[in-house]
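Fold the following and give me the result.
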Amino acid sequence: MAYSRIPPEELAKRIDHAVVRPSATLKDVEAGCLEAKRYRLRAICVPPCYVERAAELLKGSGVRVCAVVGFPSGYDLPAVKAREAEIVMELGAQDVDMVMNISALKSGLYDLVLRDIAGVVEAVKAREGVVKVIIEVCYLTEEEIHRACELVLRAGADFVKTSTGLGPSGATIEAVKLIRSVVGDKAGVKASGGIRTLGQALAMLEAGADLIGTSTPSAIIEEALKARRG
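Got it, this is the predicted structure:
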């Protein structure tokens with residue numbers, strides 16, 4: 001598909017609205033849920049403490065509730081992440097965006113990284129959910145990105161996600177292309193972090209992303225609608 005001509009309605013179905021900054025309030029999450037419903041976005045990504053409220057607001061809307069787990073550092077013990085994933089699923093989440101243990105990966109503790117991801121995958125898949133693994137590309141070398149993607153595939157997760165959006169930088173075209181080259185059609189790719197315009201979103205899709213994570217979905221969709229009107 002020529003993504004420059006993607007209909008706004010289809011673009012919306014590829015967007016996860018992110019309301020996860022440390023200063024986000026319950027009112028921000030509630031407003032984000034209304035925005036997600038209005039534009040019929042794929043999902044809204046929220047902190048665990050607001051999953052239940054988001055699920056209540058979005059019930060029957062078709063918008064998925066996504067919870068972050070191990071956010072934003074990924075340091076939590078595997079058992080803690082797995083239990084957190086279980087709880088948010090019980091509260092109404094349908095997706096879990098978990099942060100890989102970045103430190104463990106960079107330390108070469110690959111068995112720990114694999115066990116960490118696999119525990120969350122098991123918890124979420126038991127409830128028919130979707131798991132995206134945030135590898136935080138800004139901290140990784142190309143070789144480390146490659147290894148992270150391989151571990152995500154081995155653990156059975158559904159997507160590799162570029163970034164939390166809270167690191168020194170977010171998604172890049174180069175990182176998305178590299179991730180896609182490793183996962184092929186065995187997993188999806190979610191580009192997230194610093195994507196605020198239609199042009200940036202389309203560039204990520206062209207590079208190989210399936211989903212876009214952004215805190216400014218309305219600006220992107222409105223720009224797409226304006227472009228269609230000419």
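
in this protein, which spans are strands?
15-18, 43-46, 64-69, 95-99, 130-134, 159-161, 188-192, 211-214 (DSSP state E).

do you know which of those lies nearest Leu151?
Shortest separation from Leu151 across the strands of the chain is recorded for strand 130-134, at 8.4 Å, computed as Cβ to Cβ. All C-beta atoms are positioned from the backbone trio N, CA, C, and that covers glycine.

Next one: Ala31 relative to Leu57, how far apart?
Remark: distance between Ala31 and Leu57 (Cβ to Cβ, to the nearest Å) = 10 Å.

Output the strands of the chain as a markdown table; include the columns mean pLDDT, distance to Arg83 and mean neighbour count.
As requested, the strands of the chain are arranged in a markdown table below (pLDDT from 0 to 100; distance: least, Cβ to Cβ, whole Å; neighbours: other Cβ atoms under 10 Å):
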| stretch | mean pLDDT | distance to Arg83 | mean neighbour count |
| --- | --- | --- | --- |
| strand 15-18 | 98 | 23 | 25 |
| strand 43-46 | 98 | 18 | 28 |
| strand 64-69 | 98 | 10 | 26 |
| strand 95-99 | 98 | 12 | 27 |
| strand 130-134 | 98 | 15 | 26 |
| strand 159-161 | 99 | 21 | 27 |
| strand 188-192 | 98 | 24 | 26 |
| strand 211-214 | 98 | 24 | 26 |
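
Could you dump those strands into a markdown table with distance to Arg115 added?
Putting these into a markdown table (distance: least, Cβ to Cβ, whole Å) gives the following:
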| stretch | distance to Arg115 |
| --- | --- |
| strand 15-18 | 26 |
| strand 43-46 | 24 |
| strand 64-69 | 15 |
| strand 95-99 | 13 |
| strand 130-134 | 13 |
| strand 159-161 | 18 |
| strand 188-192 | 22 |
| strand 211-214 | 26 |
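
what about Ala31 and Leu57, which has more around it?
In this comparison of Ala31 against Leu57, neighbours counted by other Cβ atoms under 10 Å, the higher total goes to Leu57 at 19 against 12.

Can you tell me the closest non-neighbouring residue to the more buried one?
Cys33 (4.2 Å; Cβ to Cβ, 6 or more residues apart in numbering).

What are the buried residues along the top helix by length along the chain?
Ranked by residue count and defined by DSSP state H, the top helix of the chain is helix 110-125. Taking 16 or more other Cβ atoms under 10 Å as the basis for neighbour counts, the residues of helix 110-125 that come out buried are 112-121, 123-125.

Make TSV out of those and add distance to Cys149.
TSV is the format used below for those (distance: Cβ to Cβ, whole Å):
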residue	distance to Cys149
Leu112	17
Val113	12
Leu114	12
Arg115	17
Asp116	15
Ile117	11
Ala118	15
Gly119	19
Val120	16
Val121	15
Ala123	21
Val124	19
Lys125	19
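
quick check, nearest of those residues to Ile212?
Sorting the buried residues of helix 110-125 by how near they are to Ile212, with Cβ to Cβ, puts Val124 at the top with 21.1 Å.

wait, the closest one sits on Gln94?
No: with the criterion set as Cβ atoms under 8 Å, Val124 and Gln94 do not qualify as a contacting pair; they are 9.1 Å apart.

what do those two both touch?
Residues touching both Val124 and Gln94 (Cβ atoms under 8 Å, 6 or more residues apart in numbering): Val130.

got the buried residues for the lowest-mean-pLDDT helix or strand in the chain?
For the chain, using mean pLDDT, DSSP states H and E, the weakest element among its helices and strands is helix 217-229, scoring a mean of 94. For helix 217-229, the neighbour count (16+ other Cβ under 10 Å) marks Pro217, Ile220, Ile221, Glu223, Ala224 as buried.
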